[in-house]
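Colleague: Take this sequence and fold it.
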Amino acid sequence: MQKRAWLCPTDLSPSSDESVRLAVDLAASLGDVSLVLLHVDQLPTYGLPEGSVLDAASRQEWAARLQALAARHRRTVEIETQVRQGRAHSKILESADELAAEVIVMGTTGRSRLEATLLGSVAEKTMRLSSIPVLVVPTGSAMPVPRSHRALCPVDVSAEHSVEAARGAIRTAVQLGAEHVSLLHVFEVPLSLALMDHGTRRDEAIASLTARERARLASLQERCQELGARVEGAFVEGTVHDEISRRARTHGFEVIVMPTHGRGTVGQFLLGSVAAKVVRTSTVPVCTIRIQGLD
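Modeller: Residues are numbered from 1 along each chain as shown. Here you go, the predicted structure:
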């Protein structure tokens, strides 16, 4: 049986080593996944002869470290290595396309100001442009093995394509080994209502909108059964990205799977407004997906 290919970009830092370990554990638990470790060489190919010598030494060191990293895990999973030169996110996407990879598993650089900038320059671009799921692994996070994974799938019940988005997220969660999925809708009071004076009219409007969105969530949950996992619904009030991260942390979810569209506006990326914030604040891995046909 041909195994599914997962791509694991690594900059050979301790942070990216964590994402490789998680990918290895997941691949081993699933049994039908092989891994490709990719290191993107971003050193310039021009410059003074002295610089070229230094570049060559660095490249040799990186190649040796990449091979050593693969060798540590070959007893657990089938694993290969690649080295490419160029812009990191472009080469990641290029490699994923050529491999027909099913998932990209990569680490973040953390949560400091500098680290957030680095995240924006590689991981966030990869998430935004990838046509396949991107599983981003925060430093220090882990998914337990053997597989008994519980996945949190945020949904926007007000979005036009919420059913397609939810079903796509559930299918991806199942690909990652999830057996239990919670569809989470976070109700955030619209600005137009938040600015109204407190009173009966405002309270009634919020109550009516809340009831409507609860009903939509129940309907969505019903339409997402029989996808390979047990599906439940959860409705909370608050700030969307805060509640997603908090619920994953406090309710024992091992992964968050979320689409990159939402909030009801055609072409508006949930990634830009919510998913990137979730990635930066979550203590569990976050898998972003693009729902085909909604671009």
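Colleague: can you give me the helices in the stretch 151-295 of the chain?
Modeller: 162-175, 191-194, 200-223, 240-250, 270, 276-281 (DSSP state H, counting those that start in this stretch).
Colleague: so which of those comes closest to residue 152?
Modeller: Nearest to residue 152 among those is helix 240-250 (5.0 Å), distances taken as CB to CB. Quick note: C-beta positions are derived from backbone N, CA and C, even for glycine.
Colleague: Could you save the helices of the stretch 151-295 of the chain as CSV and add columns showing mean pLDDT?
Modeller: Shown next, in CSV, are those (pLDDT from 0 to 100):
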stretch, mean pLDDT
helix 162-175, 93
helix 191-194, 72
helix 200-223, 91
helix 240-250, 94
helix 270, 49
helix 276-281, 84
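Colleague: Among the ones you listed, which comes closest to residue 18?
Modeller: helix 276-281 (14.5 Å).
Colleague: Work out the gap between the closest one and the centre of the chain.
Modeller: 10 Å (CA atoms, centre = their mean, to the nearest Å).
Colleague: Can you name every helix or strand that that helix contacts?
Modeller: helix 113-121, helix 123-129, helix 240-250, strand 286-289 (3 or more CB pairs under 8 Å, 6 or more residues apart in numbering; DSSP states H and E).
Colleague: Sort out which residues of the longest one are buried, please.
Modeller: Of the residues in helix 240-250, those buried by neighbour count under the rule 16 or more other CB atoms under 10 Å are 240-241, 243-248.
Colleague: mind saving the C-alpha coords of stretch 19-38 as CSV?
Modeller: Output in CSV follows, covering the C-alpha atoms of stretch 19-38 (Å, rounded to 0.1, in the frame of the first residue of the first chain):
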residue,chain,number,x,y,z
SER,A,19,7.3,19.8,14.9
VAL,A,20,9.4,17.0,13.4
ARG,A,21,8.9,14.8,16.5
LEU,A,22,5.2,15.4,16.5
ALA,A,23,5.0,14.5,12.8
VAL,A,24,6.9,11.3,13.5
ASP,A,25,4.6,10.4,16.4
LEU,A,26,1.5,11.0,14.3
ALA,A,27,2.9,9.2,11.3
ALA,A,28,3.8,6.2,13.5
SER,A,29,0.3,6.1,15.1
LEU,A,30,-1.5,6.4,11.8
GLY,A,31,0.7,3.8,10.1
ASP,A,32,0.2,4.8,6.5
VAL,A,33,2.2,8.1,6.4
SER,A,34,5.8,8.7,5.3
LEU,A,35,7.7,11.9,6.0
VAL,A,36,9.9,14.2,3.9
LEU,A,37,12.1,16.5,5.9
LEU,A,38,12.8,19.7,4.0
